[in-house]
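>>> starting from these lines, generate the structure:
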Amino acid sequence: MRYLIFIFAIILVSCTKSGENKDFSSYQSKWNKQDIVNYEFTLTVSCFCPQEIAGPHIIKVVNDTIESVNNQPYDPETQGLLMTIDELFTYVGQSIDRNPYKQTIEYNSTYGYPEYVFFDFVKTMVDEEIGYQITGFIKN
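Below you'll find the predicted structure:
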């Protein structure tokens with residue numbers, strides 16, 4: 001009986017992981033097909049970090065490049081490393097590949113971008129969790 005439970009658990013975990021990757025790929029494809037290169041959104045970072053990094057940050061993207069943050073020209077040296085939606089997809093894909101202890105990803109049903117992302121990479125480590133939330137998306 002324990003053997004059957006063990007086999008069932010392996011199958012269940014395998015299905016869950018491939019389903020997450022399938023969702024990621026299908027939503028990334030949905031985003032890419034729309035070819036949106038000019039947009040604005042608010043990004044809030046959930047982390048054990050200073051408020052300047054956590055935000056919220058109003059980000060304006062022009063031609064797939066961050067042009068401004070909070071109505072100021074973007075300078076990663078002073079404003080931190082923020083991401084476009086394409087860069088967020090890259091980060092999410094790399095994070096999924098790391099096989100995190102916990103992850104939550106919610107996608108926008110209209111455009112396909114990740115609206116909420118949370119990763120806890122190591123069960124026994126404190127304060128390494130990271131989350132990103134996108135609100136107020138406007139296509140320009």
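>>> state the distance from H57 to T65.
Look at H57 and T65: by CB to CB, to the nearest Å, they are 15 Å apart. In this view, the C-beta of every residue, glycine as well, is placed from N, C-alpha and C.
>>> neighbour-wise, which of those two wins?
Set H57 next to T65 and count neighbours by other CB atoms under 10 Å: H57 wins out with 19 against 11.
>>> show the pLDDT at G19.
Looking at G19, its pLDDT reads 44.
>>> which residues in this protein form helices?
Counting by DSSP state H, one finds helices in the chain at the ranges 2-33, 51-54, 76-79, 85-97.
>>> mean pLDDT lowest where, among those helices?
Between these, the one with the least mean pLDDT is helix 2-33; it has a mean of 59.
>>> thinking E106 is in contact with Y113, fair?
No - between E106 and Y113 there is no contact under CB atoms under 8 Å: 10.3 Å.
>>> tell me which of those two has more neighbours.
Set E106 next to Y113 and count neighbours by other CB under 10 Å: Y113 wins out with 22 against 14.
>>> against K139, how distant is the nearest residue to the more buried one once chain neighbours are set aside?
Excluding the flanking residues, the one nearest Y113 by CB to CB, 6 or more residues apart in numbering is I85, at 4.7 Å. Distance of I85 to K139, given as CB to CB: 11 Å.
>>> mind listing the shared neighbours of the two?
Counting by CB atoms under 8 Å, 6 or more residues apart in numbering, the contacts common to I85 and K139 are I36, Y39.
>>> quick one, longest strand in this structure?
Ordering each strand of the chain by length in residues (DSSP state E) puts strand 130-139 first.
>>> what lines up beside that one in the sheet?
strand 39-46 (antiparallel), strand 114-120 (antiparallel) (DSSP bridges).
>>> which one, of these, ends up nearest to K33?
strand 39-46 (15.0 Å; CB to CB).
>>> sounds good, over and out.
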